[in-house]
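Undergrad: Sharing a sequence plus its predicted fold:
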Amino acid sequence: MPYNLGDQFTPHHVLVNYFQHVAENSQNVQIIEYGQTNENRPLLLVFVSSEENLANLEAIRINNLRLAGLADGDPDLHSAKVIVWLSYSVHGNEAAGSESSMQVIFDLATGANGSSEWLKNTVVIIDPSVNPDGYNRYTNWYNQVSGKLLNPQGVGREHSEPWPGGRVNHYYFDLNRDWAWQTQIESQRRIAQYNKWLPHVLADFHEMGSESPYYFAPAAQPFHKYITEWQRQFQDTIGVNHARYFDKEGWGYFTKETFDLFYPSYADTYSMYNGAIGMTYEQGGGGYAGRGVKISNGDTLRLADRIAHHATTSLSTIEVASVNADSLILKFNTYFTDSQNNPPGEYKAYVIKGDNPVARIKALCTLLDRQGISYGHTSATSASGIKYGSREHTNFDISEDDLVISAFQPRAVLAQILFDPVSELQDSLTYDITCWSLPFAYGLEAYAATSKIDVVSGYEFEASNTDLEKNAYAYVMRWNSLENAKYLARALDLGLKPRFANKRFIVNGEEYKAGTVLFMRQDHHHIPSFYSLLAKLQANGANLNAIKTGFVESGKDLGSRSYSLIEKPKVLTIAGDGVSSYSLGQIWHFFEVTLEYPITIVDVDDLGKVDWSKFNTLIVPEGYYSLKSMDKIKSWVRGGGKIIAIGSAVSKFADKEGFALKKYAETSGEGDAKKEIEKEKLDTRLHAYSGSRRRNISNNATGAVFEAKVDTTHPLAYGLGHHYYTLKTGTRSYEHLTDAVNAVYLQDELNYFGFVGSKASAKLVNTIVFAEEQSGRGSIIYMADNPLFRAFWENGKFAFCNALFLAGN
Ligand SMILES: [Zn+2]
C-alpha cells in the first residue's frame with residue numbers, strides 16, 4: 001500500500017487487493033468470495049490457521065457441525081478446532097473496523113504476538129468488510145473532501161458526512177438489524193456461510209460517538225433468558241483478557257453498559273442464539289472522526305488509535321479462544337446436545353395451521369431454511385398450549401397439513417426465540433423492539449404447544465396448477481398474501497387491466513373474498529397478447545382460476561361495475577437531506593427487490609420541479625423534512641392522486657388545513673394531554689436524577705405487537721382477516737379519525753405482546769393503525785405504523801399493497 005495504515009482510509013478494492021496479496025503470500029491464509037453486494041463488490045471470507053488445519057479445513061468444518069448435531073456422524077472432540085469469526089464494519093462508516101482487519105491479518109500471517117501458537121488449535125474466519133457498499137460510500141467520500149494534512153477541527157466538512165451516510169448498505173438497510181430476517185443480499189450470503197461454519201466465538205466491530213471510551217462485552221441487561229450461564233461467563237473471560245491489554249496501555253474502556261442482548265437480529269445475539277459467544281466491540285470514532293478529530297480532553301483521536309484498539313481486541317479474542325479451546329469446544333457441544341434434548345423455553349412446538357394461505361406458509365419456510373431450523377408435519381391429532389393472540393391455555397386439534405416446528409432440534413434456542421409468543425424481558429431498558437414472533441409477522445394462525453410433538457421432517461406443498469384454460473370469461477386470483485401482490489404488480493407492469501372485487505362472490509360453488517383480483521376478457525379485447533401474458537404468469541405460479549361464466553351464485557355478476565379497475569400505480573417517493581434513509585430504503589427496496597416494480601425517487605429539493613400529471617401515487621417516507629409544494633400536491637390529490645404516508649410521516653398531515661387527520665379527535669383531548677405533561681413535570685421535579693432513565697420506562701414503547709381491529713369492508717383491510725397484528729415502534733399515535741375511514745385500528749381494550757410502558761399504552765387506546773381519507777377524486781392513506789419496518793413484517797408488506805393497489809380506486 002502506498003501509505004501507512006491509519007494515514008488515510010483504504011478504498012474497498014484496495015482492501016480486497018491487500019487480503020488477496022496476503023493470501024497469495026502466506027501459507028496460513030485462504031480466501032473465498034462468498035457473494036456480491038448490490039453494487040457488485042465482492043464479499044470475502046478469509047480463513048487463517050496453521051498450514052495443517054488449512055489442509056483439513058473441510059474436515060474441521062464437518063466435525064464442527066457434528067458437534068452441533070447438524071451433520072451426520074459422530075463428532076471427534078479431540079481433533080476439533082475452535083472457530084473464531086471476526087466481523088468488521090457492518091456499519092460501513094465505522095470504518096476503523098475494516099482498516100484494523102488489515103493489521104490483524106498482517107499480525108496473524110507474520111506470527112506476531114505469539115499468534116502462530118494460537119493458530120494450531122484455532123481457525124480464524126475474518127469478514128474484513130461486512131458492508132462493502134456502505135464502507136465504500138464513506139471512504140470514497142472522505143478521501144475526496146479531506147486534504148493532505150489532517151484537520152482535526154470537528155466543524156470541518158470532512159467530519160460531516162453527507163446524506164445518507166455509509167452506515168447502511170445500498171438500499172439503506174442497517175445490516176446489524178438484519179441477521180434474523182435476512183432481507184438483504186449481504187445477510188443472505190453471509191449467514192449461509194455462518195451456518196456452514198457455526199463459530200464458537202463471534203466478535204462484531206463497531207464504532208460509536210468520538211468522546212466514548214472503548215466498549216467490549218460483557219454486555220448490559222437485559223439478557224435474553226435463553227442465554228446460558230456459560231455464555232455469560234465466557235463473555236467475562238474475554239472481557240478480562242481485553243482489560244489486561246487496555247490497562248497496560250492506559251486506554252479507556254467500559255463494559256456492562258448500554259449494549260444489551262435481546263433483539264435477535266444483531267451479530268452478537270444471533271450468534272449467542274446459535275451456541276456461540278457473541279461479542280460487540282465499540283470504538284469511539286465513527287464517520288465524524290475521520291482520520292483524526294479533537295476531543296474534549298484536548299487530545300486528538302486518530303484513526304491509527306482506533307485501529308490499534310480494534311486490532312488489540314481482535315488478537316485478544318483469538319488468544320483467549322485458543323487458550324480455552326478445550327472448554328469452548330466441549331461447552332459448544334453440550335449447548336447443542338442440551339438444546340436438542342431439553343429445549344429451554346415453555347413452548348416445545350409451534351403449529352402453523354395448514355389452512356393459512358399457502359404462500360404465507362411458504363414464505364415462512366423460506367426463512368426457516370435460511371436459519372437452518374427444521375420443520376415438518378406430525379401424525380399427532382391434538383395438543384395443548386396457546387393460540388397466538390390469546391393468553392389462555394387451550395386444547396387444539398392438529399391436522400396432517402399443519403406445519404410443525406419442534407423445539408427438540410439443535411437450533412432449539414433460535415427457534416424458540418423466533419416463535420415464542422412473548423419474550424420475557426428481565427429488564428425493560430432495551431433500545432429495540434421487544435416482540436417479533438414470526439406467526440404475527442407472517443399473519444399466520446398458529447399455536448404454541450407446551451409439550452413435545454413428534455415431527456416427521458419435511459413439508460410438501462401442492463404443486464400449483466401451471467396450466468390455464470383458454471377463452472375463459474374471467475381469470476381470478478385470490479388476494480391473501482404478498483405473493484399475490486407480486487403477480488398483480490407484474491400484471492400491471494405488463495399492461496394488463498385487472499379489477500378487484502369489493503365484496504365476496506360465489507361462482508361454480510367456490511367462494512372468493514373481497515380483494516380477489518379479476519382479469520376480465522371484456523377488458524382486454526384490445527390486447528392481443530392477453531392470454532399469453534396470463535399464461536406466463538400462471539406458469540410462474542400465479543394460481544389463477546379460469547371462470548367460464550360471469551353469472552354468479554352469490555354476490556355481483558362478474559361483468560358488473562362493482563368490480564373496480566385497478567389503476568396502474570405511477571409511483572414517486574422522496575429522498576435527500578432530512579428524509580429518513582431507513583424509511584426511504586425500505587420503500588426503495590420493497591419496490592425494486594420485492595415487487596420488482598418501478599419507482600421514481602426525487603430529491604426533496606426537486607419536488608417543485610415534479611410534473612405531477614406523470615404520477616398518481618406519492619409515498620411519503622419518514623423523516624425531518626418539509627413537504628414543499630404542498631398546495632400543488634393537495635390539488636393533485638383532489639384531481640385523483642394518492643398519498644401514502646408511512647409511519648411518522650403521517651404527522652406531516654396532522655392538524656393541517658385540508659386534511660382530516662388530528663392528533664386529538666377533540667380539542668379537549670389536546671388540552672388534557674398538555675395538562676398531563678405539565679402535571680408530570682411538576683410531580684417529577686424532585687425525583688433523583690440518577691434514576692431518570694429507568695423511570696422513563698413507563699413512557700417507553702420501543703417496539704411491541706398490537707392486535708388491531710379490522711374493518712373487513714375497506715380495501716385497506718382486504719385479505720388481512722379479522723385481526724391484524726401490527727408492529728408498533730413508538731408511542732406516536734392519532735385518535736380515530738372523523739371524516740375518514742378507520743380501516744385498521746386499536747380500541748379501548750389493548751391486546752399486545754412485548755414491553756409497553758404503562759403511560760405509553762394509555763396513549764394508544766382508540767388510535768389508528770391504517771386509515772384513508774378521501775379528498776376530491778383522490779385519497780390520503782395514513783399508515784401510522786410503518787408496515788415496511790426493516791422489511792421483515794410480511795403481513796405489513798401485504799397491507800402496504802392494499803394501500804398501493806386497491807385503496808382509493
Ligand atoms: Zn455500529
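TA: Received, thanks.
Undergrad: Which pLDDT value belongs to the nearest residue to residue 352 once chain neighbours are set aside?
TA: Spatially, and ignoring its direct neighbours in sequence, residue 352 is nearest to residue 403 (4.1 Å; Cβ to Cβ, 6 or more residues apart in numbering). To be clear about C-beta, it is placed using only N, CA and C from the backbone, and glycine gets the same treatment. Residue 403 carries a pLDDT value of 98.
Undergrad: Equivalent analysis for residue 147, please.
TA: Per the predicted model, pLDDT is 87 at residue 147.
Undergrad: Find the helix or strand that it is a member of.
TA: For residue 147, there is no helix or strand it lies in under DSSP states H and E.
Undergrad: quick one: buried residues of the host helix or strand of residue 637?
TA: Assessed by DSSP H and E, residue 637 sits inside helix 630-638. Buried residues in helix 630-638, defined by neighbour count with 16 or more other Cβ atoms under 10 Å: 633, 634, 636, 637.
Undergrad: ok, now stretch 750-770?
TA: 750-757, 759-761, 763-764, 767-770.
Undergrad: from these, which ones fall inside helices?
TA: Members of these lying in helices (criterion: DSSP state H): 759, 760, 761, 763, 764.
Undergrad: Please identify which of the residues you listed is nearest to the ion.
TA: Closest to the ion out of those is residue 760 (26.9 Å), distances taken as Cβ to the ion.
Undergrad: Who are the contact partners of that closest one?
TA: 698, 699, 700, 701, 731 (Cβ atoms under 8 Å, 6 or more residues apart in numbering).
Undergrad: And for the last one, the neighbour number?
TA: Each residue near residue 731 was counted by other Cβ atoms under 10 Å, and the total is 18.
Undergrad: In the stretch 551-700 of the chain, which residue sits closest to the ion?
TA: Closest point on the stretch 551-700 of the chain to the ion, by Cβ to the ion, is residue 582, at 14.1 Å.
Undergrad: Contacts for the helix or strand hosting that residue, please.
TA: Residue 582 is located in helix 581-589, with elements delineated by DSSP H and E. Residues from elsewhere that reach helix 581-589 (Cβ under 8 Å, 6+ apart): 163-165, 168, 171-174, 183-184, 573-575, 599, 601, 619, 621-623, 646-647, 649, 786, 788-791.
Undergrad: Quick check: residues of this structure near the ion?
TA: 91, 94, 206 (Cβ under 5 Å from the ion).
Undergrad: Skip ahead from the lowest-mean-pLDDT helix or strand in the chain and say which helix or strand is next.
TA: Across the helices and strands of the chain, mean confidence by mean pLDDT, DSSP states H and E is lowest for helix 692-695: a mean of 49. Next in sequence after helix 692-695, counting helices and strands by DSSP H and E, comes strand 704-710.
Undergrad: Who are the packing partners of that next one?
TA: Counting by 3 or more Cβ pairs under 8 Å, 6 or more residues apart in numbering; DSSP states H and E, the packing neighbours recorded for strand 704-710 are strand 723-728, strand 741-745, strand 752-753.
Undergrad: If any of the residues of the chain next to the ion are buried, give me the PyMOL selection for them.
TA: Buried residues within these, by 16+ other Cβ under 10 Å, are selected in PyMOL with:
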select buried, resi 91+94+206
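Undergrad: just the residues of the chain next to the ion now: which is nearest residue 480?
TA: Nearest to residue 480 among the residues of the chain next to the ion is residue 91, at 37.4 Å by Cβ to Cβ.
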